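# sequence below, structure please.
(chains A, B and C, ligands or ions: 1)
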Amino acid sequence: MTLGTKNQDRHSFYLNMGPQHPSTHGVLRVLLEMEGEYILEPEPVIGYGHRMQEKIGESLTWNAFMPNTARIDYLSALMYNHGYVGLIERMTGIEAPRRAEYIRVITSELNRIASHLLWLGAFLLDLGAFTPIMYTFDDREQILDILEDVTGSRLTYCYYRVGGVSRDVDGTFVEGTRAFIRRLRSRFPMYDDLVTNNIIFIKRVKDIAQFTPDMAMRYGATGPILRSTGIGYDIRRNEPYSVYPEFDFDIPVGTTGDCMDVYLVRVREMEQSLRIIEQALDSLPEGPCMTKVPRRLKLPQGDASFSVEAARGELSYYLVSDGSDVPYRLKIRPPSFSNLSLLPELCRNMLLSDLVMALGALDLVIPEIDR
Amino acid sequence: MGEEKKSVLRVHSYAELAHRREESGGLYQPDAAEEQPIIRLDLVENILNLCRANSLWPMTFGLACCAIEMMCLGMARFDMSRYGAEVFRPSPRQCDLMIVAGTVNRKMAPALITLYEQMAAPKWVIAMGNCAISGGPFAVRENYNVVEGVDRLIPVDVHVPGCPPRPEGLLEGILKLQEKMTGTRYPFPQFKPPR
Amino acid sequence: MTTPNKLINDLRNLPATVHEVDYRQWGYHLDVLLEAGRVRGFAGMLRAHRFYLVFVSAVHTAPAIEIIYQFACYSRQCRILGRAAVTDNGTMPTISDIYDGANWHERETRDMFGVLFTGHPYLEPLLLPEEEADRKPLLKNGSAVKAADRIRRPNQAGIGTAEPHQGQERDQ
Ligand code: SF4
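Model prediction:
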């Protein structure tokens, strides 16, 4: 932020990383003031993926904006769907049937696992380990198969509707998901052998990029980054929505907040997601998956907010309505925006190669940050 | 903030060019005369094209959602290496295929042109996804930032529609590109869709 | 309602107008209406109560742009929404020295609405390209701008309600 103003007396130079760089996960650009291998001051430059989502949100009817929510963060598209329908349902007082809520939870958690699996592969790829990403993508494809069957698309889902979900699930879905749970459980020991206990990996990530609770609070960081510091804050538990209170799951937390902890938190989160899915499948209620919703539903005048726990942290929608069916203002608060803004403080006086670790641990999705 | 820093921030020397091309609103047509080689030996050219087509080196150029499907294509299930195109290179100087996977906006456009210009000829471009083709879901009336189609900025060889296209779709795009380069569709045997 | 009364009292002493909001319908607990000059005090107080910043943004209403602050807490369920109208010359005191995370949010708000945050250390364009930093895309034009009382709940005192002569036009 004060780049170029201090450090006058030191022999520093600028290094430009991105916007097209394989380890910035998309089109992030980081401008670095360096001294040798050490970073004096990193400055993320964002906006290369800005796609006017908020402007579109206030020019289309709330209904027509639904498909766009999936394109904000395409890796956890269903959570973004969930937040948006949750917001509209909360404002208008529509309640989705219980079966729909269960389906939402199951598919959301599957989506979360898919997102974490992709992160796991990409994080290790940044480290220089090429093999794990092949395995994680293999597992991820299984999830995509299951979700494709019910939602009709592989990546940018538009599955949830205000008042339910667009298609009911059937026996094949339940069977397929159970088979997937068994499969992924049997793969975790392999990942542990391959990665977690690998001495090269441990040496590379231990004590790198330590987050602290105070830092998280000042920047508004949420998600696995925050939980790795020991604060068990999870919207699913602290501000419950949907039917999450009915399930028994733990919130994994770390202790020191370094990259190793972030890694462990994410891996354990996948296990907890499996637990939630299992419980939801066991108690999947019968009944309709959609209630009747009027065609042209007007939003009541006023402003409302809805938060969900997306794969990367707290996602908040804030909508101001003037009483018509077009939102007057739609603010989307993506988790990665705040998480990335702590990068300058996190990476000061760090080695350049460790910056790649820090960026990987943050799990960035650039179009989500830029919207 | 120092002036020096400001100039560091603004590295995109193609900014004006990008805006001019975008504003023109039409297809970008490269100068045909410039593209012609000085000496032309047809037989050698054909053999070289055969080699080039079966060993494409794409650039890792993920911009948005479509990039994930592009990654899927390179990974275990779809396995692009069956068609000789799996060597993803992060540096434009080592690539001959640019897969524009995602939305290009006005801030990114100069960087896109820079990258394209840095690639060594002969080079090809695949526009993947509706965003790269025409702006996709963002080509709305209120559009203030998204470039409606990369073919306004750089010449495009193959368009792959979809939002996002499935990996199979991109695969087909690569096969189409090979066909364009050599005049024949590889790999053998040729697949003819039933009439 | 999980909000302790002490917090509400502290807020009222700022002074600020505080409304309790039905969480089940609107998704937050407290609606705090402030003057621009009190925003820094408000942020400092919430920092002391260990709240974190969810976002800073703005809504373009008449007569003035309203800046929105949302805060939440890691340890208990409480979401606070602060609203303050920008001053007459379109500025707002920054809170980026109290909450570092506000730095980027304020830069974004400047991009989108052209609000200047006084005291901000580095108010450069964040999302928009440098050449187009003055585009202010989220400002509404002409008749699309609505008075604050037309976009707020009826019982929620709006900032613009006091000046009916400023009243804006109906939609389309
Ligand atoms: S075409 Fe669709 S999936 Fe691809 S980048 Fe654009 S919005 Fe995303």
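# longest helix in chain C, please.
The longest helix of chain C (DSSP state H) is helix C:102-113.
# how about residues contacting that one?
Applying Cβ atoms under 8 Å, 6 or more residues apart in numbering or on different chains, the contact partners of helix C:102-113 are A:1, A:54, A:337-338, A:341, C:43, C:53, C:55-58, C:60, C:65, C:67, C:94-96, C:115-117, C:120-128, C:133, C:136-139. Quick note: C-beta positions are derived from backbone N, CA and C, even for glycine.
# intersect those residues with the contacts of chain B.
Applying Cβ under 8 Å from any Cβ of the partner chain, the subset of the contacts of helix C:102-113 adjacent to chain B comprises C:122, C:124, C:128, C:137.
# return only those of those found close to chain A.
Answer for those near chain A (Cβ under 8 Å from any Cβ): C:122, C:128, C:137.
# what does the first one show for phi and psi?
Same thing as residue C:122. Backbone torsions of residue C:122, given as degrees, to the nearest 10, read phi -160, psi 70.
# tell me the contacts of the residue in the stretch 151-300 of chain A positioned nearest to the ligand?
The stretch 151-300 of chain A approaches the ligand most closely through residue A:156 (5.3 Å), counting by Cβ to the nearest ligand atom. Neighbour list for residue A:156: A:67, A:70-71, A:74, A:77, B:65, B:163-164 [criterion: Cβ under 8 Å, 6+ apart].
# what is the subsequent helix or strand relative to the lowest-mean-pLDDT helix or strand in chain B?
Least confident helix or strand of chain B, by mean pLDDT, DSSP states H and E, is helix B:3-9 with a mean of 61. Counting by DSSP states H and E, the next helix or strand C-terminal to helix B:3-9 is helix B:15-24.
# that following helix: which residues count as buried?
B:15, B:17-19, B:21-22 (16 or more other Cβ atoms under 10 Å in any protein chain shown).
# equivalent analysis for stretch A:306-325, please.
For stretch A:306-325, by 16+ other Cβ under 10 Å, it's A:306-322.
# tell me the secondary structure of the residue nearest to the spatial centre of chain C, please.
Nearest to the geometric centre of chain C sits residue C:68, at 1.9 Å (Cα atoms, centre = their mean). Per DSSP: H, G, I helix; E, B strand; the rest coil, the local secondary structure of residue C:68 is strand.
# what sits against the nearest residue in space to it that is not next to it in sequence?
What sits nearest to residue C:68 in space, not counting adjacent residues and going by Cβ to Cβ, 6 or more residues apart in numbering or on different chains, is residue C:57, at 5.1 Å. Contacts for residue C:57 (Cβ under 8 Å, 6+ apart) come out as A:318, A:331, C:67-68, C:105, C:108-109.
# right, and out of the residues you listed, which lies closest to residue B:148?
Nearest to residue B:148 out of those is residue C:108 (Cβ to Cβ; 24.1 Å).
# the closest residue to the ligand within chain A sits in which helix or strand?
In chain A, no residue comes nearer to the ligand than residue A:71, which is 4.5 Å away by Cβ to the nearest ligand atom. Here residue A:71 is covered by helix A:66-72, with elements defined by DSSP H and E.
# next secondary structure after that helix?
Going down the chain from helix A:66-72, the next helix or strand is helix A:77-92, by DSSP H and E.
# check the offset of whichever helix or strand comes after that next one from the chain's centre.
Using DSSP H and E, the helix or strand that follows helix A:77-92 in sequence is helix A:98-127. Relative to its parent chain, helix A:98-127 has a centroid offset of 8 Å by Cα atoms, centre = their mean, to the nearest Å.
# now stretch A:96-108
Centroid displacement of stretch A:96-108 relative to its chain, using Cα atoms, centre = their mean, is 19 Å.
# does chain C sit close to it?
No - Stretch A:96-108 does not reach chain C (Cβ under 8 Å from any Cβ); its nearest approach is 14.8 Å.
# contacting residues around that stretch?
Contact with stretch A:96-108 is made by A:78-79, A:82, A:85, A:89, A:147, A:150-151, A:159-160, A:163-165, A:168-169, A:177, A:242-244, A:247, A:276-277, A:280-281, A:283-291, as judged by Cβ under 8 Å, 6+ apart.
# how many other residues sit next to residue A:168?
Neighbourhood size, residue A:168 [other Cβ atoms under 10 Å in any protein chain shown]: 15.
# which one of the ones next to chain B among the contacts of helix C:102-113 sits closest to the ligand?
Nearest to the ligand among those, counting by Cβ to the nearest ligand atom, is residue C:137 at 18.9 Å.
# tell me the secondary structure of the residue in chain C positioned nearest to the ligand, please.
The ligand sits closest to residue C:127 of chain C, with a gap of 17.6 Å, by Cβ to the nearest ligand atom. Three-state call for residue C:127 (three-state DSSP): coil.
# got it, and the one 4 residues further on?
Taken by three-state DSSP, the conformation at residue C:131 corresponds to helix.
# so what's it scoring on pLDDT?
What the model reports for residue C:131 is a pLDDT of 78.
# hmm, it is touching residue B:15, no?
Yes - the pair residue C:131 and residue B:15 passes the contact test of Cβ atoms under 8 Å, sitting 6.5 Å apart.
# picking up where we left off before, quick one: which of the contacts of stretch A:96-108 sit in helices?
Using DSSP H, the members of these that fall in helices are A:78-79, A:82, A:85, A:89, A:147, A:150-151, A:177, A:276-277, A:280-281.
# most neighbours, which of these?
Most neighbours among the ones in helices among the contacts of stretch A:96-108, by other Cβ under 10 Å: residue A:78, with 28 neighbours.
# helix or strand: which one has residue C:57?
Taking DSSP H and E as the criterion, the element that holds residue C:57 is strand C:51-59.
# beyond that strand, next helix or strand please.
Heading C-terminal from strand C:51-59 (DSSP H and E), you reach strand C:61-62.
# where does the prediction get shaky in the chain?
The chain I'm using is chain A. A:1-10, A:23-24 (pLDDT under 70).
# that answer is for a different chain, and I need it for chain C
C:1-4, C:155-172.
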